[in-house]
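Asks: Return a 3D structure for these sequence lines:
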Amino acid sequence: MPHFLDLKDFTKPQLRMMLDSAATRKQARKTLHKGMEDKDLPLKGKAIALVFERPSTRTRFSFEMAIRQLGGEVFTVSGAEMQLGRGETIADTARVVSRYVDCVMLRAKAHETLLEFASAATIPVINGLTNRTHPTQVLADVLTLEERKGDIARSRVAWIGDGNNVCASWIEAVGVLGGSLKIGAPESLRPHKDFLNWATQNKADVEVMTSPEQAVAHADCVVTDAWVSMHDDDIENRHNLLKPYQVNAALMKHAAKDALFMHCLPAHRNEEVTDEIMDGPHSVVFDEAENRLHAQKAILLSCFGLK
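Replies: Presented below is the predicted three-dimensional model:
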């Protein structure tokens with residue numbers, strides 16, 4: 001099946017096609033006057049289910065609007081409503097849901113749940129976030145980066161803080177599309193060795209270090225995320241470890257003068273990033289959030305073999 005599970009599953013031309021599709025559709029929306037309807041409705045007659053085991057703002061809004069703007073029907077269900085994996089196997093749920101809808105976007109607590117669901121489904125499955133990766137977010141991030149800086153292959157990206165699921169997808173993005181990625185993280189919060197091993201095997205320009213200043217040096221784009229994710233419980237320890245990794249004016253001075261700042265949101269202001277940076281000239285966080293809408297369209301269309 002043409003699933004969208006992880007960025008490493010795709011070739012560079014395939015990801016480039018999605019990025020081009022997202023950029024083209026974003027530009028096309030700008031030409032629509034308020035109240036005017038899209039005449040291009042490639043998902044007309046298609047029904048897509050959005051299943052959330054974890055809360056969501058940007059993923060839910062962007063997917064629902066993307067589906068509607070492409071002419072499809074959308075059903076949004078929480079994990080509690082479905083009791084995914086409780087009372088019925090995940091595989092059986094996938095087989096049943098495949099009889100009702102044409103595609104599923106699943107935001108799962110565990111990556112294994114996503115893989116089991118996708119393995120049994122007879123329809124496309126999209127990874128809307130797991131504890132290991134967040135490819136829909138990073139595709140939108142790359143789109144945002146390229147709008148300002150051109151091809152990612154010529155960019156230097158710095159990731160600061162926890163080497164989490166978003167960081168993992170950034171590793172895959174650079175591994176497939178090119179560019180360089182320097183990760184500044186505490187030793188105990190480095191990205192999982194599986195992703196670093198994959199980067200090495202694929203000759204990706206990825207380097208991990210403990211110094212945030214060294215990671216940010218001359219970067220074209222600085223990216224961070226919340227210190228505590230939905231699946232984390234060691235809150236106090238994480239805060240202590242990550243305090244030196246706050247993205248603030250002093251740290252941004254090490255980056256290129258015209259460097260971008262990105263955050264997938266929600267941001268805990270004045271923890272992982274200061275107000276001065278979030279609201280300052282480096283920040284493209286709200287462009288990044290908007291681009292989730294356009295990236296989701298490209299992902300959906302790719303799952304149906306459309307452009």
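
Asks: need the strands for the stretch 151-300 of the chain, in chain order.
Replies: Along the stretch 151-300 of the chain, the segments classed as strands by DSSP state E, counting those that start in this stretch run 156-160, 180-184, 205-209, 221-224, 260-263.

Asks: got those strands as JSON lines, with distance to Leu143, mean pLDDT and mean neighbour count columns?
Replies: Bear in mind the C-beta positions are built from the backbone N, C-alpha and C, glycine included. Conversion of these to JSON lines gives the following (distance: least, CB to CB, whole Å; pLDDT from 0 to 100; neighbours: other CB atoms under 10 Å):
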{"stretch": "strand 156-160", "distance to Leu143": "14", "mean pLDDT": "98", "mean neighbour count": "26"}
{"stretch": "strand 180-184", "distance to Leu143": "17", "mean pLDDT": "98", "mean neighbour count": "24"}
{"stretch": "strand 205-209", "distance to Leu143": "20", "mean pLDDT": "98", "mean neighbour count": "17"}
{"stretch": "strand 221-224", "distance to Leu143": "12", "mean pLDDT": "98", "mean neighbour count": "27"}
{"stretch": "strand 260-263", "distance to Leu143": "11", "mean pLDDT": "98", "mean neighbour count": "25"}
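
Asks: okay, the ones you listed in TSV with distance to Met252 next?
Replies: Formatted as TSV, the strands of the stretch 151-300 of the chain follow (distance: least, CB to CB, whole Å):
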stretch	distance to Met252
strand 156-160	10
strand 180-184	13
strand 205-209	17
strand 221-224	7
strand 260-263	7
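
Asks: Relative to Lys30, which of the ones you listed is closest?
Replies: Taking CB to CB as the criterion, strand 260-263 is the member of the strands of the stretch 151-300 of the chain that comes nearest to Lys30, at 21.2 Å.

Asks: next one: the closest one to chain centre, how far?
Replies: Offset of strand 260-263 from its chain centre (CA atoms, centre = their mean, to the nearest Å): 13 Å.

Asks: Output the contacting helices and strands for that strand.
Replies: Applying 3 or more CB pairs under 8 Å, 6 or more residues apart in numbering; DSSP states H and E, one finds that strand 260-263 makes contact with helix 135-149, strand 221-224, helix 275-278, helix 285-303.

Asks: export the third one as CSV, just CAs?
Replies: When you say that, I think you mean helix 275-278. Listed next in CSV are the C-alpha coordinates belonging to helix 275-278 (Å, rounded to 0.1, in the frame of the first residue of the first chain):
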residue,chain,number,x,y,z
ASP,A,275,9.5,35.3,23.8
GLU,A,276,12.1,37.4,22.1
ILE,A,277,12.9,34.6,19.6
MET,A,278,9.4,33.3,19.2
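
Asks: pLDDT weak spots in the stretch 201-307 of the chain?
Replies: 230-233 (pLDDT under 70).

Asks: Tell me which stretches of the stretch 1-150 of the chain form strands.
Replies: Using DSSP E, counting those that start in this stretch, the strands of the stretch 1-150 of the chain run over 47-52, 73-78, 103-107, 125-127.

Asks: I'd like to know which of the ones you listed lies nearest to Ile235.
Replies: Among the strands of the stretch 1-150 of the chain, the nearest to Ile235 by CB to CB is strand 103-107 (22.0 Å).

Asks: Walk me through which strands the closest one pairs with, and which way each runs.
Replies: Here strand 103-107 has these sheet partners by DSSP bridges: strand 47-52 (parallel), strand 125-127 (parallel).

Asks: For the longest one, what is the distance to the chain centroid?
Replies: Computed by CA atoms, centre = their mean, the chain-centroid distance of strand 47-52 equals 17 Å.

Asks: That one to strand 73-78, inter-axis angle?
Replies: Following axes from the mean of the first three to the mean of the last three CA atoms, to 10 degrees, one obtains 20 degrees for the angle between strand 47-52 and strand 73-78.

Asks: so strand 47-52 versus helix 285-303, what angle?
Replies: For strand 47-52 and helix 285-303, the angle between their directions (the same axes, to 10 degrees) works out to 130 degrees.

Asks: So which residues of this structure form helices?
Replies: Under the criterion DSSP state H, the chain contains helices at 12-30, 58-69, 79-82, 90-98, 111-120, 135-149, 165-177, 193-201, 212-216, 235-242, 249-252, 275-278, 285-303.
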